[in-house]
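K.L.:
got a predicted structure here, sequence first:
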Amino acid sequence: MAAKELLRVENLKKYYPIKGGFLGRTVNFVKAVDDISFTVNEGETVSLVGESGCGKSTAGRAILHLEKPTAGEVIFEEVNLTTLSRDELRKIRKDMQIVFQDPFASLNPRQTVAQVLEEAMYIQNIVPPEGKRERVLDLLSKVGLAPYQADRYPHEFSGGQRQRIGVARALSLNPRLIICDEAVSALDVSIRAQILNLLKSLQREFHLTYLFISHDLGVVRHISDRIIVMYLGRIMEIADKHSLFDNPRHPYTRALLSAIPVPRPGSKKERIMLEGDVPSAIDPPQGCRFHTRCPYVKDNCRKDVPELRSAETNGGSHLVACHYFEEI
């Protein structure tokens, strides 16, 4: 039985205007996300990966409409979010939540943990007043915190504990989709593993769907079902994790994978070193966005934008945006 599609992103763009001149007119745009399309099926974990500044976090925020998209469509359970009014969008937000990168900055320092968790329940009116305390204690238990910690403030917790609070807040409204925006990148390695295992456990228990945003391919390999590789606002490759790690087809993906440390002393790994810097999102290169750093670049790459094409002979789901991936 085919998996049910939960989220579909079509031709999503997010541009930020650059103002200039005496009248403060728009003179250019930062093209943070520039025409990306993908789907997320119910119950799976899809990861967005790429270097810092590639647009992956902006894409996540635009999907939730924390940043209003410049163009494109975000369809959640067959509802086009870009056509909804503010009140209609607020009603559907309970099904789409986010865990932020910085657990301390995302929590109100003047609120106790109980107040943080109760606030969303109050806004969405999903738990009666007499049941909120019980719900708070249950959420804390689910994420590995003790009941007595409900009346403490964020500064009284460690970084890992604060991220557990962030996860509990995301769970408080019984969401269908949770976007994890670099949710473990600010944590120590040992704590990072604990939070990843917690997320996987909660996914099984509550049938959650994750859009996991990260620059760490080691983390992505542990938690993902499918992986989307982004570069300078565009998608370079989409594949399930086994296909991507065993047989990467895009030169950029190969370079990213070559940078993963080998956890065996004395082992050697050929590193693909990319020359030059990432171009500016204000004036991105024509044609393939990666052609300024690609070791296999040809004239066609500098002029024509490559479409996502199947890298499998049977027309499977391994998609690559490269003119010459068959040759390399």
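P.N.:
Structure received.

K.L.:
how about the contacts made by the spatially most central residue of the chain?
P.N.:
Computing the C-alpha centroid of the chain and ranking residues by Cα atoms, centre = their mean puts Ile213 first, at 2.7 Å. Applying Cβ atoms under 8 Å, 6 or more residues apart in numbering, we find Ile213 in contact with 47-49, 56-57, 59-60, 179-182. (C-beta placed from N, C-alpha, C; glycine too.)

K.L.:
restricted to helices, list these.
P.N.:
When DSSP state H defines the helices, the subset of the contacts of Ile213 inside them is 56-57, 59-60.

K.L.:
got the buried residues for the longest helix belonging to the chain?
P.N.:
Looking across the chain with DSSP H, the single longest helix is helix 189-206. For helix 189-206, burial by neighbour count (16 or more other Cβ atoms under 10 Å) applies to 191-192, 194-196, 198-199, 202-203.

K.L.:
quick check, Leu211 in a strand?
P.N.:
Yes - Leu211: assigned to a strand according to DSSP: H, G, I helix; E, B strand; the rest coil.

K.L.:
could you measure from it over to Ile223?
P.N.:
To Ile223, Leu211 is 11 Å away according to Cβ to Cβ, to the nearest Å.

K.L.:
next: Gln97.
P.N.:
For Gln97, the distance to Ile223 - Cβ to Cβ - is 17 Å.

K.L.:
cool, Leu140 as well?
P.N.:
From Leu140 to Ile223 the distance is 23 Å (Cβ to Cβ).

K.L.:
what of Leu198?
P.N.:
Taken as Cβ to Cβ, the span from Leu198 to Ile223 is 11 Å.

K.L.:
what's Ser185 in contact with, if anything?
P.N.:
Residues near Ser185 by Cβ under 8 Å, 6+ apart: 101, 214-216.

K.L.:
please read the previous query as pertaining to Ala255.
P.N.:
272-274.

K.L.:
try it again at 6 Å.
P.N.:
The contact partners of Ala255, taken as Cβ atoms under 6 Å, 6 or more residues apart in numbering, are 272, 274.
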